[in-house]
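> any chance you can model this:
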Amino acid sequence: MGISVLMVEDDLDLAEEIATFLDSAGFSVSRAATIREAETLLANAYDLLILDINLPDGDGLAFCREARRYIRSGIVMCTGRGERELRIASLRDGADAYLVKPVDPEELEATLLSVHRRLTTNAAMPLQAMPHPWHLDVERRLLVAPNGISMILNGPESVLLGTLFRSADRTARKEDLMALLASEDEGYSLHRLEALVSRLRAKATTRCGLKLPLVSNYGKGYAFIEHGRLV
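The predicted model follows:
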């Protein structure tokens, strides 16, 4: 069959049980117990992603929303939570199917086949791997680029990027950024904010060898437009 699956599940006994069944059904299964492990493995392309919601290092639904921006893999949420609002949110935010544990292995197999069939029937482009994220350690004022090269941030740079990374859509208004920066340095102006952004972009290019994905948000503010996470 040759259908590749990444299963993100922190219940190791359950993960072993499902992986054994799917392997016997002809799937090629890789496993991750945390979002961080999944991010690393998704540097390779998978046909399908089985994703729990409650994971040790984060929210699987938020990760589903993030991953959908980058990958074309089919996503099947498989979780013990069956609330109507959560099912609807998952399907709206990028999941292709939603199953509630305990799940019948044959139902999971049939769901995976159904999602894969729809994807291959409608596919116009090949699968894409999820890029390595930018990592931001606010306490240490450290930004790590996807290529593994890091750079030390000053106070205002850390405030700026920390605000963007904490935002659900990684955007922030200029007025809000100036107010936060003014709490550290009274009278922070728009000109200083724009100069800060310009210097930070140049610094990332020089230190990390990559273009910082920090862009103007239609003149209203700024957005960080690539995958990033706080550590």
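> domain-wise, how is this structure divided?
Each domain of the chain is listed here as a residue range: 4-122, 134-230, per automatic domain parsing.
> among those domains, which is the most enclosed?
For those, ranked by mean neighbour count under the definition mean count of other Cβ atoms under 10 Å, the leader is domain 4-122 at a mean of 17. For glycine as for every other residue, the C-beta is placed from the backbone atoms N, C-alpha and C.
> now the helices for the chain?
Defined through DSSP state H, the helices belonging to the chain, from first to last, are 12-24, 35-41, 60-68, 84-92, 105-122, 155-166, 174-182, 190-208.
> now mean pLDDT too, for the domains of the chain, in TSV please.
Formatted as TSV, those follow (pLDDT from 0 to 100):
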stretch	mean pLDDT
domain 4-122	92
domain 134-230	90
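> find the centremost residue of this structure, please.
In the chain, the C-alpha closest to the average C-alpha coordinate belongs to E66, at a distance of 3.7 Å (Cα atoms, centre = their mean).
> once you drop chain neighbours, what's closest to it?
Excluding the flanking residues, the one nearest E66 by Cβ to Cβ, 6 or more residues apart in numbering is H227, at 6.4 Å.
> residues touching the one you found, list them.
With contacts defined as Cβ atoms under 8 Å, 6 or more residues apart in numbering, the neighbours of H227 are E66, R69, Y70, M130, P131, H132, P133, W134.
> from those, which is closest to K203?
Of all the contacts of H227, the one sitting nearest K203 is W134; the distance, using Cβ to Cβ, is 13.7 Å.
> so in terms of bridging, what pairs with that closest one?
Residues found in beta-bridge contact with W134 (criterion: DSSP bridges) are G228.
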